[in-house]
Each structure stands twice: as structure tokens, then as C-alpha cells.
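>>> model this:
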Amino acid sequence: MGISIYLIWSAYAKAPAEKNKKIKPTLWLFWIHLFFNAIWSIIFFGFQNPGLAFLNILIIWVFIVVLMVKFWRINKLAAYLLIPYFLWVSFASILNYYIWYLNYL
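Prediction:
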């Protein structure tokens with residue numbers, strides 16, 4: 001994730017002003033996604049609410065897919081570097097769901 005956003009940030013720093021208008025929203029999407037990523041732990045462990053945490057992780061999952069598409073348009077390596085993260089969040093989503101299902105439904 002870190003190297004991936006670094007590649008996008010570098011592209012933003014090197015790009016002409018008109019291309020920066022296309023890259024800047026992608027950077028904002030990443031930071032919004034990172035916020036949802038950070039609050040997942042608070043929701044799941046702090047509030048002990050796996051149902052809400054599952055909804056949150058689904059939002060993260062959608063953000064990752066959107067980021068991969070947007071990163072692909074800017075830097076293909078940056079998009080490829082998100083694949084392990086995507087796979088991990090997919091697996092974590094399944095775990096989160098079953099914890100919620102087995103304990104609360």
C-alpha cells in the first residue's frame with residue numbers, strides 16, 4: 001500500500017497541471033479509504049461490533065477495487081501492488097462475516 005501510493009504521489013509531483021487534476025481525486029480517495037481502514041479496528045475490537053465492522057470492511061473492499069482501477073490508469077505497478085492487500089481484505093471480510101454470523105445472528 002505504501003509503495004503503491006508513493007508511486008501515485010510521485011506521478012502527481014511530476015505531472016503537468018492538467019494531469020494533476022486527474023490524479024488529485026485519486027489521492028483523496030486513497031486517504032478516505034485509509035480512514036475507513038483505520039476505523040475498522042476501532043469498530044471491531046473497541047466497540048466489539050462485528051456487524052458494523054463487516055459493513056465497514058465491505059466499504060474498504062469497494063474502495064480498493066476503485067483504487068486499483070484508478071491506479072491502473074496512472075501507474076500499472078501501483079495497481080499491481082494493491083493485489084495482496086485486496087486478497088487480504090477479501091479474506092478478512094470472510095472472517096469478519098463469520099465472526100458476526102456465528103456470534104450474533
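>>> From Met1, how far off is the most centrally placed residue in the chain?
With distances taken as C-alpha atoms, centre = their mean, Ile64 lies nearest the centre of the chain, 4.0 Å away. Distance, Ile64 to Met1, by C-beta to C-beta, to the nearest Å: 9 Å. Just so you know, the C-beta spots here come from the backbone N, C-alpha and C atoms, and that holds for glycine as well.
>>> Mutual contacts of those two, please.
82, 85 (C-beta atoms under 8 Å, 6 or more residues apart in numbering).
>>> low pLDDT regions in the protein?
Within the chain, not a single segment meets pLDDT under 70.
>>> Swap in 80 and give it another go.
For the chain, the stretches flagged by pLDDT under 80 are 105.
>>> circling back to that earlier point, right, and the residue nearest to the centre of the chain touches His33 too?
Yes. Using C-beta atoms under 8 Å, Ile64 is in contact with His33, at 7.1 Å.
>>> Just the C-alpha atoms of stretch 89-103, please, in CSV.
Output of stretch 89-103 as CSV, limited to C-alpha atoms (Å, rounded to 0.1, in the frame of the first residue of the first chain):
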residue,chain,number,x,y,z
VAL,A,89,-9.1,-7.7,2.8
SER,A,90,-11.2,-10.3,0.9
PHE,A,91,-10.1,-13.0,3.4
ALA,A,92,-10.5,-10.7,6.4
SER,A,93,-14.1,-9.9,5.1
ILE,A,94,-14.9,-13.6,5.2
LEU,A,95,-13.5,-13.9,8.7
ASN,A,96,-15.3,-10.8,9.9
TYR,A,97,-18.6,-12.1,8.4
TYR,A,98,-18.4,-15.5,10.1
ILE,A,99,-17.5,-14.0,13.5
TRP,A,100,-20.6,-11.8,13.2
TYR,A,101,-22.7,-14.7,11.9
LEU,A,102,-21.6,-17.2,14.4
ASN,A,103,-21.8,-14.9,17.4
